[in-house]
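[1] give the three-dimensional model of this entry:
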Amino acid sequence: MAGRIEDYALIGDMQTAALVCRDGTVDWLCLPRFDSHAIFAGLLGTEEHGFWRIGPAHASDAEPPTAARRGYRGDSLILESEWDTPRGTVRVTDFMPPRDGAPQLIRIVEGVSGRVPMRSALRMRFSYGRVVPWVHKHEGRTVAVAGPDSVWFDTEAETYGKSLTTYADFTISPGERIAFTISWEPSHKQPPPLPEPEQSLEATEDFWREWVEHCTYHGPYREAVVRSLITLKALTYAPTGGIVAAPTTSLPEEIGGVRNWDYRYTWLRDAAITLSSLLRTGYREEARAWREWLLRAVAGDPENLQIMYGIAGERELGEAELDWLPGYECSAPVRVGNGAAHQLQLDVYGEVTEALHLAHMTGLARNDYASLLQLKLIRYLEQHWDEPDEGIWEVRGPRRHFVHSKVMAWVAVDRTIKLIESGDADGPLEKWRELRDDIHRDVCERGYDKERNTFTQSYGSRELDASLLLIPQMGFLPPDDKRVIGTIEAIQRELSTADGFILRYPTSGENEGVDGLPGDEGAFLACSFWMADDLAMIGRVDEARKLFEKLLSLRNDLGLLAEEWDPRLKRQVGNFPQAFSHVPLIDTALRLTASGAYGG
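    Predicted coordinates:
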């Protein structure tokens, strides 16, 4: 059985990523890309679906010992795990070097004290655990082949095969180091070069040290901010600049439920807000690469903006269910692809325009096509802003006039007006100023409940929605407007859990199925960060700081966050780690630091 979601560590090479459990098991790895088929899918099934464990030898492989200590080496994505055993202490260092050729996962076992018996158990299963590869020796190397894939396993330790698994049993002494490496290569090509683990480790550490040096944030929450930035960098597909929402699929929003989605794609919304955080902390190169990715992804059809694309800009992300996988803790179905790709979500136009605006304001080199794209998006909104859509949360029920979607349409028009006013684009200023006023008036008249002094989820509804917290952050209304304060307080009353965390919208009781889906979900972590932001903006800075630091306490021991927090089970749920959780963490830290609202 897979570990708890928060038991996992992330390692990656900016093209794919692996999840490593506390017991030294790699339960998830897709090769060669984030969205490729998994060769280790034990996370969504059992060990029969693929895993790789390295740890102290134990009488029962069914209950391997967990590491006594683990952590990242400094500000890097190099994981170090240590086990204390009756015979001594051992350390395993796991990492994926930034790719220059074949993708590699390297694991170095090091003796710290005593003589510790160790075991490596490698069970490769291709196509999400469905295909058992042909494993054989080739010129002294172990290779697993099936269809288009080959995975090469290299180590100095003696190996043997048993029960369709490759084992290595060995004893490690103080100062001794034994490396294990898997490398992927298309099966029709020549074998990848022999790995050089120690040189790769040094190069990987140098890469992360140099990258983190560019961070311009030096406030009291630097540790949390830097770890979040490293996580966002790890979720960036280096060849194209696309940013995945998470490196996993189908980790459930409710344990045992059906709200299980594939997040290994680039949501324009998630990527745009990630861009904003990177720009605000000094990472202009990543921002430039994402802008270039965006221009390629939407080229030829910018009016029909999809809400998400593949990491290279692919448009077709057809959704399918993998019925041979039982799902994480029996949370089925397991899905790959995402059927929400072709939904209409008008807020995306606002997020993209806001990101382009911020890039422009922070001095990113001008791109004429980016300005042209922005103008085309507004021309589309001119004709469609007043239509119903599926909204920010991708509801699978009927389309509605979501207030947040209209607010973000206003943002798109407002930022484009500012671009024209700066002299960097040409457009019908007066016409679009009138459009901006029309959208603003429409939202305030049709999306606001005067009796309760709050904006609502959609026109004519009584339900609330945490996305309304973005109204002051986007500049739609000032923080001291009574309607803004009323909305914040209403969300605190109606969408807050007993722990003080914020739900996206009501999904239980009479509201069950309101989003077209059965079951419930946890508190959406981004929404709770938004609440902390809003509280700081309206002057309740102590309350904002306490909520923010409470949210920081939900991170696992490595500083990582999933999509949601289950207030009943007191555990993380949803895909992991989640960009949409780490981005608002950075933003709230910046806001609290600027306001001086932080602890000693």
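
[2] and R400, how far from P65?
    The spacing between R400 and P65, counted by Cβ to Cβ, to the nearest Å, is 52 Å. Every C-beta, even on glycine, is put in place using the N, C-alpha and C of the backbone.

[3] cool, L31 as well?
    Taking Cβ to Cβ, one finds L31 at 28 Å from P65.

[4] okay, those two: which has more neighbours?
    L31 (24 against 15; other Cβ atoms under 10 Å).

[5] skip the chain neighbours and tell me the closest residue to that one.
    W184 (4.1 Å; Cβ to Cβ, 6 or more residues apart in numbering).

[6] list the contacts for that neighbour?
    31-32, 39, 102-103, 149-152, 192 (Cβ atoms under 8 Å, 6 or more residues apart in numbering).

[7] let's go with 6 Å and repeat that
    31-32, 103, 151 (Cβ atoms under 6 Å, 6 or more residues apart in numbering).

[8] which among those residues count as buried?
    Applying a neighbour-count criterion of 16 or more other Cβ atoms under 10 Å, the buried members of the contacts of W184 are 31, 103, 151.

[9] can I get these in JSON lines with distance to A17 and pLDDT?
    Output for the buried ones among the contacts of W184, formatted as JSON lines (distance: Cβ to Cβ, whole Å; pLDDT from 0 to 100):
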{"residue": "L31", "distance to A17": "11", "pLDDT": "98"}
{"residue": "P103", "distance to A17": "11", "pLDDT": "97"}
{"residue": "V151", "distance to A17": "16", "pLDDT": "98"}
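
[10] what's the helix or strand for A179?
    strand 177-186 (DSSP states H and E).

[11] roughly how far out does that strand sit from the chain middle?
    Counting by Cα atoms, centre = their mean, to the nearest Å, strand 177-186 is centred 26 Å from the centre of its parent chain.

[12] quick check: next helix or strand after it?
    Next along from strand 177-186, by DSSP H and E: helix 197-212.

[13] quick one, that next one and strand 177-186 angle?
    Calculated by axes from the mean of the first three to the mean of the last three Cα atoms, to 10 degrees, helix 197-212 forms an angle of 80 degrees with strand 177-186.

[14] from here on, count from 216
    Fine by me, first position is 216 from now on; the one you just mentioned is helix 412-427.

[15] elements contacting the one helix or strand G270 maps to?
    For G270, the host element (DSSP H and E) is strand 266-271. Other elements packing on strand 266-271 under the criterion 3 or more Cβ pairs under 6 Å, 6 or more residues apart in numbering; DSSP states H and E are strand 240-245, strand 331-338.

[16] repeat that with 7 Å
    Where contact means 3 or more Cβ pairs under 7 Å, 6 or more residues apart in numbering; DSSP states H and E, strand 266-271 is packed against strand 240-245, strand 294-300, strand 331-338.

[17] related to what we said a few turns ago, test of understanding: give the bridge partners of the residue nearest to L246.
    Residues in a beta bridge with W399, per DSSP bridges, are V366.

[18] how much space separates it from T451?
    19 Å.

[19] give me the contacts around stretch 563-583.
    Here stretch 563-583 makes contact (Cβ atoms under 7 Å, 6 or more residues apart in numbering) with 483-484, 487-488, 490-491, 494, 499, 502-503, 506, 509, 520, 522, 585, 589, 592, 596, 623-624, 626-627, 630-631, 633-634, 639.

[20] again with stretch 448-461
    With Cβ under 7 Å, 6+ apart, stretch 448-461 has contacts from 225, 227, 229-230, 232, 249, 292, 426, 462, 478-482, 485-486, 489, 501, 504-505, 507-508, 526-528, 790-795.

[21] for that stretch, buried residues please.
    448-452, 455-461.

[22] what's the pLDDT at P733?
    The score at P733 is 59. That number is its pLDDT.

[23] what kind of secondary structure is Y382 in?
    strand (DSSP: H, G, I helix; E, B strand; the rest coil).

[24] surely it and A336 touch.
    Yes. Between Y382 and A336 there is a contact at 5.6 Å, judged by Cβ atoms under 7 Å.

[25] which one's more surrounded, those two?
    A336 (21 against 17).

[26] ok, now how distant is that one from D222?
    The value you get for A336 to D222, if Cβ to Cβ is used, is 18 Å.

[27] now do M689
    Where D222 is concerned, M689 sits at a distance of 37 Å (Cβ to Cβ).

[28] which one of the contacts of W399 is nearest to R237?
    L246 (23.2 Å; Cβ to Cβ).

[29] need the pLDDT of P613.
    Value for P613, per-residue pLDDT: 86.

[30] correct me if wrong, but it is in a strand.
    No. With three-state DSSP as the criterion, P613 is assigned coil and is not in a strand.

[31] please report phi then psi for it.
    phi -70, psi 150 (degrees, to the nearest 10).

[32] neighbours of it, just the number please.
    8.

[33] quick check: it vs E605, distance?
    Taken as Cβ to Cβ, the span from P613 to E605 is 9 Å.

[34] just P332 next, same as before
    55 Å.

[35] between these two, which has more neighbouring residues?
    E605 (24 against 15).

[36] let me know the pLDDT of the residue lying closest to that one once chain neighbours are set aside.
    In this structure, E605 finds its nearest non-sequential neighbour in Q558, 4.2 Å apart by Cβ to Cβ, 6+ apart. For Q558, the pLDDT comes out at 86.

[37] what's the spacing between Q558 and T304?
    Q558 is 52 Å from T304, by Cβ to Cβ.

[38] check contacts around A741.
    Counting by Cβ under 7 Å, 6+ apart, A741 has contacts 795-796, 799.

[39] how about the contacts made by V798?
    447, 488-489, 492.

[40] state the helix or strand in which it lies.
    Applying DSSP H and E, one finds V798 within helix 794-810.

[41] still on that earlier bit, now, which of the buried residues of stretch 448-461 sits nearest L684?
    Of the buried residues of stretch 448-461, the one sitting nearest to L684 (Cβ to Cβ) turns out to be A460, at 19.9 Å.

[42] assumed that closest one was part of a helix.
    No. Counting by three-state DSSP, A460 is not part of a helix but coil.

[43] count of neighbours near the nearest residue to it once chain neighbours are set aside?
    Closest residue in space to A460, ignoring its immediate chain neighbours: Y478 at 4.1 Å, by Cβ to Cβ, 6+ apart. Neighbour count for Y478, taken as other Cβ under 10 Å: 26.

[44] and A527, by the same measure?
    Count around A527 with other Cβ under 10 Å applied: 16.

[45] quick one: L520 from H557, how far?
    11 Å.

[46] more neighbours, the two?
    Between L520 and H557, counting by other Cβ under 10 Å, L520 is the more crowded of the two (21 against 14).

[47] dump the residue contacts of that one.
    L520 sits in contact with 483, 513, 563-564, 592, where contact means Cβ under 7 Å, 6+ apart.

[48] how does it look with 10 Å?
    483, 509, 512-513, 559-561, 563-564, 567, 588, 591-592, 595 (Cβ atoms under 10 Å, 6 or more residues apart in numbering).

[49] re earlier: go ahead and confirm the residue nearest to A460 touches Q793.
    Yes. Between Y478 and Q793 a contact is recorded at 7.4 Å, counting by Cβ atoms under 10 Å.
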